[in-house]
Each structure stands twice: as structure tokens, then as C-alpha cells.
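Colleague: Sequence first, predicted coordinates after that:
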Amino acid sequence: MRVLLMSDIHSNFEAFSAVLSEEKGFDCLWCAGDLVDYGISPKPIIEWFCTHTAESRLVKGNHDEHLVNVWRTGEFENISSTQFKWVHQNCLQLNEYHVSFLDSLPDSMAFEADGKYYLMTHRFDKTVPYRDINSVEEFDIFWNAHTPTSYHTASERRIIVGHTHRQCAHCLYGNRIWINPGSISYRRPDENDKSAQYAVIENGALVFKRIPYDRSVQFTAAKRYKENKAMMETELQDFYFFFGNAKTTRDPLPEGDT
């Protein structure tokens, strides 16, 4: 089986489309959450997964949950430009169908593929941001708490996570491994590479991949909000860094185009 593994799409349809175009012929797409927020196009991404349920597995991310909560309050409909964020921009494009789909996603799921046992969740620890699994003991505690009893003695155990946007695999004793495919949309500020990061698992073998895509679509949208003074500056600064040429996520917004 050939699996396309990704996480943290963040409403970036350009990156999502580029990966799908690059990786034609996969049997299944696994996504470790955060389909939405911090990008401009949530609707086509949600609708892709809605129409490809048979060949996809996905879990709910913290930004998915946040958007659901914001949409349910209705606050996005009457919010000032000084408080307007990308989550509000996303909410304005969606309806009950899309939001209910996000809300229905599980926090975690366990499954078997090609003789290996998997647990997929968006993040390992909801109380400590971006904490990783560093010991066999905490791996097993987390694994046993989120998988069926029959999985507890599996010979090869793999936990798939997202959230940190760090593309990596961490191997522990006894065929225990946790995998993060990275984000197809965002890098951390200390990483210069801004390509779409993801992974392919073919017959159990893991390969990390990165491909460039057109970031100008996201950047152009941010410039429009800046020109119209229609969004919080901190939200736009992130876009100017990730999709433009700003040096950091907190650079002042330029007066002209970057």
C-alpha cells in the first residue's frame, strides 16, 4: 500500500494541490490534523476530504477545534478589523456542513497497515505546547491509553503526530517510532525552507519529501488585507514571513509590496 502522509494543511490549497499533483497514485491519504486556519482557502480542502472519505484517514487538530468554536459563537460575523484574524476569514467561507465535518473528526485513531500498527493524533500533550515523546515509558503510556488492548503487544508501533511543523522521525527502543510529516504550509521561524513538507509510506517504508509550490497566492491575499487595513497586523506579519520575504514573523509590515 502507498500512503500519502501529511499534516497541518492550514487552508493552503495551493500547497495541498501541489502535493496531490506530485504524488499521483497513492492508495490512502492520512492527515494528522489542522486542515484549516492560517490560510486563505478552507472550503476546497474540507470538501476534498468530504468526497474522499473512503481513501483517507484524518484526525482533528487544535486549529480545527478552534475554528469550530469560533464559528459556533458567530463572533466572526461582526468583528472589527483590528481584531480580525485568519480564523474569522475562514469562518466566513464555511457553512454548517463544513463545520460539522470538522467537528466530527476524532482526536485520535488506531489502525493497522501493511503489518504495522499505527496511532494517529494531532499532538502528544495538550497541556505542554509542542512537547515530544522522549522515552519508552511515556510512549507506552500514551499508546496504551489510545489504542485497543490487542495493540498493546504489537511488535512494531508507530505514532503519527503533527502540530510542531517539524518534519522528523524519532526512534525508540523496541520498534517504537513516532513520525511527524511536517506541515505542507508553515515552517518554524528558525527554518529557511518554505516548501511543502510531507511523507510517503510505501509498504511500510517511510520517506520524507519536500516540494516547492506557488506561495504568491497566499501572499497576495495578505497584501490586500494590509492595503485595506482589514486584519490584525500580527496575523499579516506571519504571512509576510511564511509566504513573502520578511526576515522574521515580527517584522513591521512594509509600506510597499515585498
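Modeller: The structure has been received and is ready for your questions. Numbering: from 1, shown residues only.
Colleague: Next, count neighbours for the closest residue to Trp86 other than its chain neighbours.
Modeller: Distances taken as CB to CB, 6 or more residues apart in numbering place Tyr38 nearest to Trp86, at 5.1 Å, with adjacent residues excluded. (C-beta placed from N, C-alpha, C; glycine too.) By other CB atoms under 10 Å, the residues close to Tyr38 number 24.
Colleague: With Ser17 instead?
Modeller: Ser17: 17 neighbours (other CB under 10 Å).
Colleague: Does it fall in a helix, a strand, or a coil region?
Modeller: Three-state call for Ser17 (DSSP: H, G, I helix; E, B strand; the rest coil): helix.
Colleague: Tell me the spacing between the residue lying closest to it once chain neighbours are set aside and Asp251.
Modeller: Nearest residue to Ser17, sequence neighbours excluded (CB to CB, 6+ apart): Tyr213, at 7.8 Å. Applying CB to CB, to the nearest Å, the value for Tyr213 to Asp251 is 23 Å.
Colleague: which residues of the stretch 101-250 of the chain fall in helices?
Modeller: 136-146, 216-227, 233-242 (DSSP state H, counting those that start in this stretch).
Colleague: Outside of the first one itself, list whatever touches it.
Modeller: The list of residues contacting helix 136-146 from outside it, by CB atoms under 8 Å, 6 or more residues apart in numbering, reads 108, 110, 119, 121, 124, 133, 151-152, 157, 159, 172-174, 176, 178.
Colleague: list the buried ones in it?
Modeller: If you call a residue buried by 16 or more other CB atoms under 10 Å, then helix 136-146 has these buried ones: 139-140, 142-143, 146.
Colleague: which helices and strands does the helix or strand bottoming out on mean pLDDT in the chain pack with?
Modeller: Least confident helix or strand of the chain, by mean pLDDT, DSSP states H and E, is helix 233-242 with a mean of 91. Packing contacts for helix 233-242, counted by 3 or more CB pairs under 8 Å, 6 or more residues apart in numbering; DSSP states H and E, involve helix 216-227.
Colleague: So which bits of the helix it packs on are buried?
Modeller: Buried, per 16+ other CB under 10 Å, within helix 216-227: 217-219, 221-223, 225-226.
Colleague: Which member of those is positioned nearest Tyr97?
Modeller: Of all those, Tyr97 sits closest to Ala221, with 23.7 Å by CB to CB.
Colleague: can you pull the contacts of Phe208?
Modeller: Contact analysis of Phe208 by CB under 8 Å, 6+ apart lists 167, 169, 181-182, 197-199.
Colleague: Val207 now?
Modeller: 199-201.
Colleague: Now stretch 2-17: buried residues?
Modeller: Burial within stretch 2-17, assessed by neighbour count using 16+ other CB under 10 Å, is assigned to 3-17.
Colleague: One more: stretch 204-212?
Modeller: For stretch 204-212, a neighbour-count test (16+ other CB under 10 Å) marks 208-209 as buried.
Colleague: what do you get for stretch 61-81?
Modeller: In stretch 61-81, counting by 16+ other CB under 10 Å, buried: 61-65, 67-68, 70-71, 76.
Colleague: can you redo these as TSV with secondary structure and pLDDT?
Modeller: As requested, the buried residues of stretch 61-81 are exported to TSV (DSSP: H, G, I helix; E, B strand; the rest coil; pLDDT from 0 to 100):
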residue	secondary structure	pLDDT
Gly61	coil	98
Asn62	helix	97
His63	helix	98
Asp64	helix	98
Glu65	helix	98
Leu67	helix	98
Val68	helix	98
Val70	helix	98
Trp71	helix	97
Phe76	helix	93
